[in-house]
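Asker: A predicted structure for the sequence below; I have some questions about it.
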2 protein chains.
Amino acid sequence: MQTISENRCFGGVQGVYSHASEACGCDMTFGLFLPDAAQMGAVPVLWYLSGLTCTHENAMVKAGAQAWAAEEGIALVFPDTSPRGDEIANDDAYDLGQGAGFYVNATQAPWAPHFRMWDYVAEELPALIGKNFAVDMERQAITGHSMGGHGALTLAMGLPGRFRSVSAFSPITHPSASDWGRKQLTAYLGDDEAKWAPHDATLQMQAVGFDGPVLIDQGCDDQFLDLLKPEALSAAMAARRQDGTFRMQKGYDHSYFFVSTFMEDHVTFHANALYAD
Amino acid sequence: MQTISENRCFGGVQGVYSHASEACGCDMTFGLFLPDAAQMGAVPVLWYLSGLTCTHENAMVKAGAQAWAAEEGIALVFPDTSPRGDEIANDDAYDLGQGAGFYVNATQAPWAPHFRMWDYVAEELPALIGKNFAVDMERQAITGHSMGGHGALTLAMGLPGRFRSVSAFSPITHPSASDWGRKQLTAYLGDDEAKWAPHDATLQMQAVGFDGPVLIDQGCDDQFLDLLKPEALSAAMAARRQDGTFRMQKGYDHSYFFVSTFMEDHVTFHANALYAD
């Protein structure tokens, strides 16, 4: 593991690190915020998964999460959204290939060799972080934005017992019924839609739900509402009687101005779950 | 004036606007955050001047100021740092020309026709904003980072009565004695160093000071300490018995991770001055 940068931030350290990833078969970069509390012992950790076109950096510099994580004594992890490199498959579209991993393990050419973001975020990166930093991997929570909200929800429901709480900002809720989903799931996983189900938050909510609290924020003026389909997930949550809150936020759009506005609520929400014994 | 974008943010609106600038002889772009409180009447305004290489956008997305400005009911203005355009003089160096206006009115070729950032920030932009938005130009304060901290301090001392309070993050404090200054002041203002004095915060602090409170934050691990010269301004503030606080912050560097960490303190500091009867 190599240190790219470390900046003091809200009394803690905002680091950026790279490492040779076995899951993705390339070097991967991630951001990690460690609050000052980590000097005294292992702290709980909140994962933040980013959206289409993002790297590890976007949320790290724009979401304003460190202020609240420092206050609550929680570490933040900002993974990248896909493998990257000249030798790695890509597509001209912004929503397929590099920057658009969709948090799945691809089984189809040309993506299968490197696009294994599920394994990367679910297995390899937690192991690396647990080994190298003062974080308590028994206390994890997860959130994300847009494609990252999709990732947070599907990982949380697909790994029962792993995360104590899950939240999302404007998540892609129902990719098997959306143009943000059908193209990518076909490309990465093939035509058999049965294989898509673990990667569709609405279908997972219908099938299994989440054993813990859920918080969703969605802007009413989001320019991508037709692709995100908040009605699908909110209906599934209500139908399942899922412990959770689904907030439609008047006037807000899809930007980081929206994410940063409600970040305090999300970090506080996760802190409540992470510190409940 | 044209609206480039408006995003809801912390209950208010983060706008980006462009206009034909008479001072700079080109189109200029600025960011303006209006808190929800502006719906009820004119709100006080805090100017944020940015550093080398920045546009109006950097602080707007990375400094986290809107959270605190919304809470205090204060508008934020984020001007650009220079005139811009293919037809406008520039230099290959990152610290001269476009992105490096230094908040002066250039008198020397090739800069004089467009590089009039003092007039732009001191006169033209306040008039435009006062006319078009619900801001109270009787209650203004100013801050900035690095080159923008230099601008904030020199404008505050050069325009007595204009600003109720001034603060800065890692300001260039003494440009006539620094490589961040001598080159640029020579290029923009010529060889006569007497003409530089109004644009040197340390010299202005020695000569006139500021009629109000001053707050300076400077990271102890700033990679540019030799260029910023905090000792010059802190000595001048103490020698003048200037009402003010100069904080050296252990472990912090020159980045926006530093700026965002102390932004709450700065906005609160200005709010206290702006809301004092």
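Answerer: Here it is on my side, so go on. This is a predicted model, so every value here is computed, not measured.
Asker: report the buried residues of the longest helix anywhere in chain A.
Answerer: Across chain A, the longest stretch assigned as helix under DSSP state H is helix A:256-275. Residues of helix A:256-275 classed as buried: A:256-264, A:266-267, A:269-271, A:273-274 (neighbour count, 16 or more other CB atoms under 10 Å in any protein chain shown). Using the backbone N, CA and C atoms, a C-beta is placed for each residue, glycine as well.
Asker: with stretch A:198-208 instead?
Answerer: So, applying 16+ other CB under 10 Å, buried residues of stretch A:198-208: A:198-206.
Asker: again with stretch A:106-119
Answerer: Applying a neighbour-count criterion of 16+ other CB under 10 Å, the buried positions in stretch A:106-119 are A:106, A:111, A:114-118.
Asker: residues in contact with it?
Answerer: For stretch A:106-119, contacts defined as CB atoms under 8 Å, 6 or more residues apart in numbering or on different chains pick out A:23-26, A:81-83, A:88-89, A:97, A:101-105, A:151, A:155, A:187-190, A:195.
Asker: got it, and stretch A:266-273?
Answerer: By CB under 8 Å, 6+ apart, stretch A:266-273 touches A:44, A:46, A:65, A:68-69, A:71-72, A:74, A:141, A:143, A:164-165, A:167, A:169, A:212-213, A:215, A:217.
Asker: again, 10 Å this time
Answerer: Defining contact as CB atoms under 10 Å, 6 or more residues apart in numbering or on different chains, one finds that stretch A:266-273 is touched by A:44-48, A:63-74, A:76, A:139-143, A:163-169, A:212-217, A:245, A:259, A:262, A:274.
Asker: out of those residues, which are buried?
Answerer: A:44-48, A:63-74, A:76, A:139-143, A:163-169, A:212-217, A:259, A:262, A:274.
Asker: in strands only, show me the residues you listed.
Answerer: Counted as lying in strands by DSSP state E, out of these, are A:44-48, A:76, A:139-143, A:163-169, A:214-217.
Asker: check these against chain B, which are close?
Answerer: Among these, none lies close to chain B by the criterion of CB under 10 Å from any CB of the partner chain.
Asker: just how off-centre is stretch A:195-208 within its chain?
Answerer: The chain centroid and the centroid of stretch A:195-208 are separated by 16 Å under CA atoms, centre = their mean, to the nearest Å.
Asker: neighbours of residue A:4, just the number please.
Answerer: A total of 12 residues lie near residue A:4 under the criterion other CB atoms under 10 Å in any protein chain shown.
Asker: residue of the stretch 51-200 of chain A nearest chain B, please.
Answerer: Of all residues in the stretch 51-200 of chain A, residue A:64 sits closest to chain B, at 4.7 Å by CB to the nearest CB.
Asker: what's the per-residue pLDDT of the nearest residue to that residue once chain neighbours are set aside here?
Answerer: Leaving aside its sequence neighbours, residue A:64 sits nearest to residue A:260 (CB to CB, 6 or more residues apart in numbering or on different chains; 4.2 Å). In this model, residue A:260 is scored at 98, pLDDT.
Asker: just residue A:97 next, same as before
Answerer: Residue A:97 carries a pLDDT value of 97.
Asker: so who does it touch?
Answerer: If a contact means CB under 10 Å, 6+ apart, then residue A:97 has A:82-84, A:88-91, A:110-111, A:114-115, A:184, A:187-188 as its contacts.
Asker: what are the bridge partners for it, then?
Answerer: residue A:100 (DSSP bridges).
Asker: any idea how far it is from residue A:183?
Answerer: Distance of residue A:97 to residue A:183, given as CB to CB, to the nearest Å: 11 Å.
Asker: which residues are in contact with each of those two?
Answerer: Contacts common to residue A:97 and residue A:183, judged by CB under 10 Å, 6+ apart, are residue A:91.
Asker: before we move on, the earlier item: are any of the contacts of stretch A:106-119 buried, and if so which?
Answerer: A:23-26, A:81-83, A:88-89, A:97, A:101-105, A:151, A:155, A:187-189.
Asker: which of the buried residues of helix A:256-275 sits closest to chain B?
Answerer: Minimum distance to chain B across those is 3.8 Å, recorded for residue A:257 (CB to the nearest CB).
Asker: ok, that closest one touching residue B:11?
Answerer: No: using CB atoms under 10 Å, residue A:257 is not in contact with residue B:11, being 11.0 Å away.
Asker: overlap of the contact sets of the two?
Answerer: Residues touching both residue A:257 and residue B:11 by CB under 10 Å, 6+ apart: residue B:66.
Asker: any idea how far residue A:31 is from residue A:254?
Answerer: Distance from residue A:31 to residue A:254, counting by CB to CB: 21 Å.
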